[in-house]
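Chemist: what follows is a protein structure lacking sequence information:
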């Protein structure tokens, strides 16, 4: 058995300038910092990255900036799913043209209650239209946001049709039993946790790694958990890392999560611009930010700036 | 009191060719037929029109085809809302460049549970970025699909900030009391029903008209209801039209609605290509289509083709 995609990938946040355009230098600096912290790669342009709040042109510029900023194509897992097939094809082809062969792909997410037949048609037409044997697709199951779940039967059909292409899933629904069932049913299929605290139990049951939001802050701890989860000699270090992961995760989830993640990066970097959100996301209030800053100190972070 | 947008607008379906690209000649022929049936205009590229399953480039081509096909700019209410601000701005500017000044605008629909502050920021930045005094925006409330509701407080804030621009709402949630409350609260604001059977009660309480799916089939009846709703002399004709509207609506809703609407157009026109759907929507099964065809006859339609 060998898993096609393994490791700790940060669902990186995307900083923006005052005019809300992507702040590419700050973004690439953050990507490099994440790799230095021990992340295996950066899953840019996901839900945490506000991908669907950017245009296709902006998404391409963000991916190109990461490459120009020193990230290797193999370190990047860009999100390329949109509500429609042609733009998903276009974004994925753009990634492939840059040498980036692995993408995280949302199902089309405007209509709700769509059938597995409809999702199969969408994914299969997309993959066929891309028409590139190098492509590796990680499906994206985040029904609480997208409104569209990825069923196990859909995965089975897609794997049978595209065994070299449909290689894994990012499961952000937060239910360990769903991940366990996919590991049991699908050999050589990478099940990646979308919620940080679940990386540890997932690794104990044969999971492939994670694509998570809190790794914007505690990538070092997630890397330690990933590598040490099944090593009794590292049990104490893993437990300490897991405790830090949970502390940061619980803190971000005590506010609206996305601005809280950006707010934390703001206080770790001292760059107030990190707090800016693309609408319809909004920044925390000044009172919430002050509260967040104080609580970051309590959980052991070194903060900068106001 | 004067309502900025009034009348019966068809939420037109969008036919596609075998390769799933828009069938522009069939689309424009359908638009012209709708006007001939008595629709005041065509609200192309809405939920029934599978707008979010098309790329921006395809959406522009569809709007341009309607104009080239003989529709007047004032007869068109294109949907221009996407999940992100820059592409919504781009589609709306494109419409304005063609002389089409009224658009139906979804809120950004990827994130769920977003605040009114976030939606206000999204709509206000969009309107400011478009920067065209001719623009008239009809907000689009269809929370069962978009996952994002338009609250009355949000409408109030937007109207205060953009009194000449935010002129109405398409309410597709199907609740008459919500429409009644908006009519009571907002003067000179067009409340348009998104569900066909509600046009009649809405017109009795001061509504502005409708943007509906069943008008793809019974535009003539909706036009009669619109014009006669408050005229006692037309009560019998209105009741007969309302009965036909309800019969077609109930039939479409006994299947998945969008392919049922396209299937009905297929049997009224005899063009089998009308049944094709863009994924993630899928066509009815052959058995469902045969059933639909038989039931269309029962409710008085003249059908063509198999």
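Modeler: Looks like it came in fine. Here the structure is a predicted model, which means the values were calculated and not measured. Numbers count the residues shown, from 1 in each chain, chains lettered A, B, ... in the order given.

Chemist: what about stretch A:2-13, start to end distance?
Modeler: Distance across stretch A:2-13, first residue to last, is 30 Å (C-alpha to C-alpha, to the nearest Å).

Chemist: what comes up buried for it?
Modeler: Residues of stretch A:2-13 classed as buried: A:3, A:5, A:7-13 (neighbour count, 16 or more other C-beta atoms under 10 Å in any protein chain shown). C-betas here are computed from N, CA, C, even on glycine.

Chemist: which of these fall in helices?
Modeler: Among the buried residues of stretch A:2-13, none falls in helices (DSSP state H).

Chemist: would you confirm that residue A:2 contacts residue A:188?
Modeler: Yes - at 6.2 Å, residue A:2 counts as touching residue A:188 under the criterion of C-beta atoms under 8 Å.

Chemist: could you check how many residues crowd around the closest residue to residue A:257 other than its chain neighbours?
Modeler: Excluding its sequence neighbours, the residue lying closest to residue A:257 (C-beta to C-beta, 6 or more residues apart in numbering or on different chains) is residue A:213, at 6.8 Å. Neighbour count of residue A:213, defined by other C-beta atoms under 10 Å in any protein chain shown: 28.

Chemist: I'd say residue A:213 and residue A:174 touch.
Modeler: No - using C-beta under 8 Å, residue A:213 makes no contact with residue A:174, being 12.0 Å away.

Chemist: quick check: pLDDT value at residue A:1.
Modeler: As predicted, residue A:1 sits at a pLDDT of 55.

Chemist: do a quick rundown of the helices in the stretch 51-200 of chain A.
Modeler: A:56-68, A:85-97, A:116-130, A:143-146, A:152-161, A:176-185, A:199-204 (DSSP state H, counting those that start in this stretch).

Chemist: so which elements touch the longest one?
Modeler: If I follow you right, that is helix A:116-130. helix A:85-97, strand A:136-141, helix A:152-161 (3 or more C-beta pairs under 8 Å, 6 or more residues apart in numbering or on different chains; DSSP states H and E).

Chemist: in CSV: those, plus distance to residue B:306 and mean neighbour count.
Modeler: Conversion of these to CSV gives the following (distance: least, C-beta to C-beta, whole Å; neighbours: other C-beta atoms under 10 Å in any protein chain shown):
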stretch, distance to residue B:306, mean neighbour count
helix A:85-97, 29, 21
strand A:136-141, 37, 24
helix A:152-161, 29, 16
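
Chemist: of all these, which one is nearest chain B?
Modeler: With distances scored as C-beta to the nearest C-beta, the stretch of the helices and strands packed on helix A:116-130 nearest to chain B is helix A:85-97 (3.9 Å).

Chemist: hmm, the closest one touching chain B?
Modeler: Yes - if you take C-beta under 8 Å from any C-beta of the partner chain as the test, helix A:85-97 does meet chain B, through A:85-87, A:90.

Chemist: buried sites along stretch A:242-257?
Modeler: Buried, per 16+ other C-beta under 10 Å, within stretch A:242-257: A:242, A:244-249, A:251-252, A:255-257.

Chemist: so residue A:302 versus residue A:27, what's the distance?
Modeler: As judged by C-beta to C-beta, to the nearest Å, residue A:302 and residue A:27 stand 22 Å apart.

Chemist: more neighbours: which of those two?
Modeler: Applying other C-beta under 10 Å to residue A:302 and residue A:27 shows that residue A:27 carries more neighbours, namely 22 against 8.

Chemist: hang on, the earlier thing: residue B:145: which of the residues of helix A:85-97 next to chain B is nearest?
Modeler: Among these, residue A:85 lies closest to residue B:145 (C-beta to C-beta), at 18.3 Å.

Chemist: hang on, the earlier thing: can you redo the helices of the stretch 51-200 of chain A as a markdown table with distance to residue B:74 and mean pLDDT?
Modeler: Converted to a markdown table, these look like this (distance: least, C-beta to C-beta, whole Å; pLDDT from 0 to 100):
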| stretch | distance to residue B:74 | mean pLDDT |
| --- | --- | --- |
| helix A:56-68 | 31 | 98 |
| helix A:85-97 | 30 | 98 |
| helix A:116-130 | 35 | 98 |
| helix A:143-146 | 37 | 98 |
| helix A:152-161 | 44 | 98 |
| helix A:176-185 | 51 | 98 |
| helix A:199-204 | 57 | 98 |
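
Chemist: want to throw those into CSV with distance to residue B:204?
Modeler: Listed next are these as CSV, based on distance: least, C-beta to C-beta, whole Å:
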stretch, distance to residue B:204
helix A:56-68, 45
helix A:85-97, 43
helix A:116-130, 38
helix A:143-146, 39
helix A:152-161, 46
helix A:176-185, 49
helix A:199-204, 58
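
Chemist: tell me which of those helices sits nearest to residue B:209.
Modeler: Comparing those against residue B:209 with C-beta to C-beta, the closest turns out to be helix A:116-130 (31.7 Å).
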